[in-house]
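S.K.: I'll drop the sequence and a predicted model, then ask my questions.
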Amino acid sequence: MIIPTMNEEESIGEVLDEIHSALKPTGWDYEILMVDTNSKDRTREIGREKGAIIVDEPRRGYGRAYKTGFERATGDIIVTLDGDTTYPAYDIPRLVNILLKENLDFITTDRLSNMEKGAMSFKHRLGNWILAKTTNILFGLHLRDSQSGMWVFRRGILNKIKLTSDGMPLSEEIKIEAFKKVRAKEVPIKYRPRKGEVKLNSWKDGKENLKFLFRKKKMMKEELSLVEEKHSKEKDKEVEK
Ligand SMILES: Nc1nc2c(ncn2[C@@H]2O[C@H](COP(=O)(O)OP(=O)(O)O)[C@@H](O)[C@H]2O)c(=O)[nH]1
Ligand SMILES: [Mg+2]
């Protein structure tokens, strides 16, 4: 489990309790890594009390926090969510079982189909819709929710996918990479209203995320042409032989 945190004292205890009560009955071995960026409140203390390993990451950024967490994780399967009680931690065993039974590599969750009232403002829903549409058009995908932060995946895929963003766009980037390169699926979940203060600045982050999609498209094109160049060079060599 990996949870990025920044001043989440109001909710992190509840999130950790919910994870333990979901995972203890399964008998699975698990570790909870809390990648914390300079929390000034009791977040780290509560985390330690409730059995999480605190990974210190002073560099700001949601994506940065996850990349650090991925480097430190040791389990075969990685599960992620926010430290703000919005994601259904009780659902982790169900999602892991889908991953295993359907022999998938990556699951992302869709918060938008089953949302509780008040979990997301109109502005937020509109922003999400625009981002998902743009992602789908640019990359030929069928995502309903390109911004969900709850993923369940095999750690091994981290060698196959390329993550460049250190900020909020990491969320859309990991989905684009997974759907292009490994066996991936989107599964609906319940989404709940947030506790504590939002770290996201809707307009600024929304714009960032949108701009990132176009940058990512360019990066992937370049990657593809490099691969093609390499292939054609290899072919030339074979011809020479
Ligand atoms: N370590 C770390 N965590 C962050 C950072 N920014 C946001 N988070 C955490 O990442 C999660 C997602 O942020 P949140 O404000 O809930 O964004 P939203 O769900 O998109 O509205 C929360 O658990 C935050 O505490 C950061 O710069 N560093
Ligand atoms: Mg959140």
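M.R.: Yep, it's here. Ligands and ions are numbered 1, 2, ... in the order given.

S.K.: Where is the longest strand in the protein?
M.R.: strand 106-115 (DSSP state E).

S.K.: Buried residues in the helix or strand that that strand is followed by, which are they?
M.R.: Next along the chain after strand 106-115, taking DSSP states H and E as the criterion, comes helix 122-139. Residues Gly127, Asn128, Leu131, Ala132, Thr134, Thr135, Phe139 are the ones in helix 122-139 that count as buried (16 or more other CB atoms under 10 Å). No exception for glycine: its C-beta is placed from N, CA and C like everyone else's.

S.K.: Is the fourth one in contact with His142, as I believe?
M.R.: No. Applying CB atoms under 8 Å as the test, Ala132 and His142 come out as separate, 9.4 Å apart.

S.K.: thinking again about what came up before, check whether the longest strand of the chain comes near ligand 1.
M.R.: No. Using CB under 6 Å from any ligand atom, strand 106-115 stays clear of ligand 1, with a minimum separation of 9.5 Å.

S.K.: Any buried residues in stretch 43-53, and which?
M.R.: Thr43, Arg44, Ile46, Gly47, Lys50, Ala52.

S.K.: Equivalent analysis for stretch 14-32, please.
M.R.: Residues Glu14, Val15, Leu16, Glu18, Ile19, His20, Ala22, Leu23, Tyr30, Ile32 are the ones in stretch 14-32 that count as buried (16+ other CB under 10 Å).

S.K.: what separates the last one from Ile174, distance-wise?
M.R.: So that's Ile32. 20 Å (CB to CB, to the nearest Å).

S.K.: same check, this time on the fifth one
M.R.: Relative to Ile174, Ile19 is positioned 20 Å away (CB to CB).

S.K.: what secondary structure does the residue in the chain positioned nearest to ligand 2 sit in?
M.R.: The minimum distance from the chain to ligand 2, using CB to the ion, falls at Asp82 (3.7 Å). Secondary structure, DSSP: H, G, I helix; E, B strand; the rest coil: Asp82 is coil.

S.K.: Compute the number of surrounding residues for it.
M.R.: Other residues lying near Asp82 total 21 when counted by other CB atoms under 10 Å.

S.K.: Alright, I will stop here.
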